[in-house]
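Peer 1: Sharing a model prediction with you, sequence too.
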Amino acid sequence: MSSAGYDPNNIFAKILRGEIPSHRVYEDDAVVAFMDVMPQSTGHTLVVPKTPSRNLLDAEPETFGRLFAAVQKVARAAQQAFDADGIVISQFNEAPAGQTVFHLHVHIVPRFEGVAPKGHAAVMEKPEVLAANAEKIRAALAGA
Ligand code: 5GP
């Protein structure tokens, strides 16, 4: 764990508290899932546990069961919603490893045959595109 510890004012903590908006696709008592604003591919979604930790290294192991159950649920919905050929699940720990937001989260990145992913946290997507993609995932989760 970094000596920096957990900052309760990180951007995902604010999203969890509803202080800043997000395109939510799923929520239960343990996690919230919402669209990444700088997606690496169509449907890039983040799953964030409500229990605070900086990343995987300082998290309570009890967090992971509910977190990864939700990751699987949302990944299946994203696969169906976008007819993805594959799904990358990733998670970064500390800045040298690529982490830019210091509240534990898991990336769900749909992948498509022959389509290279965009850079990590590189290009902002239009809100209307994020809203439409979130709706597709919600519909898949609802079994529509
Ligand atoms: P990390 O680099 O920490 O693994 O991933 C952080 C992710 O959060 C990046 O993919 C980045 O695009 C995304 N992100 C950064 N700021 C915001 C934000 O305000 N809202 C949302 N929904 N995603 C964000």
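Peer 2: Sure, I can see it. Numbering: from 1, shown residues only.
Peer 1: List the contacts of the residue nearest in space to the middle of the chain.
Peer 2: Nearest residue to the geometric centre of the chain (Cα atoms, centre = their mean): Leu46, 0.5 Å. Residues near Leu46 by Cβ atoms under 8 Å, 6 or more residues apart in numbering: 12, 33-36, 105-108. For the C-beta atoms, the positions are set from N, CA and C on the backbone; glycine is no exception.
Peer 1: please redo it, this time with the cut-off set to 6 Å
Peer 2: The neighbourhood of Leu46, defined by Cβ atoms under 6 Å, 6 or more residues apart in numbering, consists of 36, 105.
Peer 1: Next, it: secondary structure please.
Peer 2: When states are read from DSSP: H, G, I helix; E, B strand; the rest coil, the local structure at Leu46 comes out as strand.
Peer 1: can you pull out the helices in the chain?
Peer 2: 11-16, 62-82, 127-141 (DSSP state H).
Peer 1: which regions of the protein lie under the pLDDT threshold?
Peer 2: 1-3, 144 (pLDDT under 70).
Peer 1: still on that earlier bit, okay, and the beta partners of the residue nearest to the centre of the chain?
Peer 2: For Leu46, the beta-bridge partners are Phe34, His107 (DSSP bridges).
Peer 1: and the chain, which residues reach the ligand?
Peer 2: Taking Cβ under 6 Å from any ligand atom as the measure of proximity, the chain contacts the ligand at 11, 22, 34-38, 92, 98-101, 121.
Peer 1: Format those as a markdown table; extra columns: distance to Pro61 and neighbour count.
Peer 2: Written out in a markdown table, the entries for those read as follows (distance: Cβ to Cβ, whole Å; neighbours: other Cβ atoms under 10 Å):
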| residue | distance to Pro61 | neighbour count |
| --- | --- | --- |
| Ile11 | 25 | 16 |
| Ser22 | 27 | 21 |
| Phe34 | 24 | 24 |
| Met35 | 28 | 22 |
| Asp36 | 26 | 21 |
| Val37 | 30 | 16 |
| Met38 | 30 | 14 |
| Phe92 | 19 | 17 |
| Gly98 | 23 | 12 |
| Gln99 | 19 | 19 |
| Thr100 | 24 | 10 |
| Val101 | 22 | 17 |
| Ala121 | 27 | 15 |
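Peer 1: No further questions, thank you.
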